[in-house]
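S.K.: Output the structure for:
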Amino acid sequence: LLQFPSTFPGRVHTEPIWATSTYRAPVNVTAATSTDPRLTAVLTNTTLHPDVPTRIGLVRFDPEMAPADENYMASSVWDGLVRGSIARAEDLENRDRLDALWEGLVARAGT
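M.R.: Have a look, this model is predicted:
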């Protein structure tokens, strides 16, 4: 399990990937992938020896790579209200969508 500190688009974090093989012979790691576009892996050591914790690479977490409609800081989600203006129904819907995105991020962070 990798844990990243709180972050925001524009701030990239990396964490090492450690693995241990329980096989009796060396194992070669051929890839590390994610369906989450914010996460990319770089393998630096692809051989796991039996029962030896091995640093095999890094995971890079780049929040800016999230789809724009899931980026709670993106202007494509909502620019906010102009001070002193009257809120339109669309503005309130956008605010609700932004709140839901934020709640989803908080919920995923707790898992």
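S.K.: what about the helices in this protein?
M.R.: Along the chain, the stretches classed as helices by DSSP state H are 89-109.
S.K.: what residue ranges in it are flagged as low confidence?
M.R.: 68-84, 109-111 (pLDDT under 70).
S.K.: Find the centremost residue of it, please.
M.R.: Arg38 (4.5 Å; C-alpha atoms, centre = their mean).
S.K.: Thought Thr14 was touching Leu2, still the case?
M.R.: No: if you go by C-beta atoms under 8 Å, Leu2 and Thr14 don't touch, sitting 9.9 Å apart. The C-beta positions use only the backbone N, C-alpha and C, and glycine is treated the same way.
S.K.: any residues in contact with both of these two?
M.R.: In terms of C-beta atoms under 8 Å, 6 or more residues apart in numbering, Leu2 and Thr14 are both contacted by the residues Val59.
S.K.: how about the strands in this protein?
M.R.: Assigned by DSSP state E, the chain shows strands spanning 13-19, 27-28, 39-43, 47-48, 54-61.
S.K.: Quick one: these as CSV, columns for mean neighbour count and distance to Glu103 too.
M.R.: Shown next, in CSV, are the strands of the chain (neighbours: other C-beta atoms under 10 Å; distance: least, C-beta to C-beta, whole Å):
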stretch, mean neighbour count, distance to Glu103
strand 13-19, 14, 22
strand 27-28, 12, 40
strand 39-43, 15, 21
strand 47-48, 16, 39
strand 54-61, 16, 20
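S.K.: would JSON lines of the ones you listed with distance to Ala100 be doable?
M.R.: Shown next, in JSON lines, are the strands of the chain (distance: least, C-beta to C-beta, whole Å):
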{"stretch": "strand 13-19", "distance to Ala100": "25"}
{"stretch": "strand 27-28", "distance to Ala100": "42"}
{"stretch": "strand 39-43", "distance to Ala100": "22"}
{"stretch": "strand 47-48", "distance to Ala100": "41"}
{"stretch": "strand 54-61", "distance to Ala100": "22"}
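S.K.: I am finished for the moment; much appreciated.
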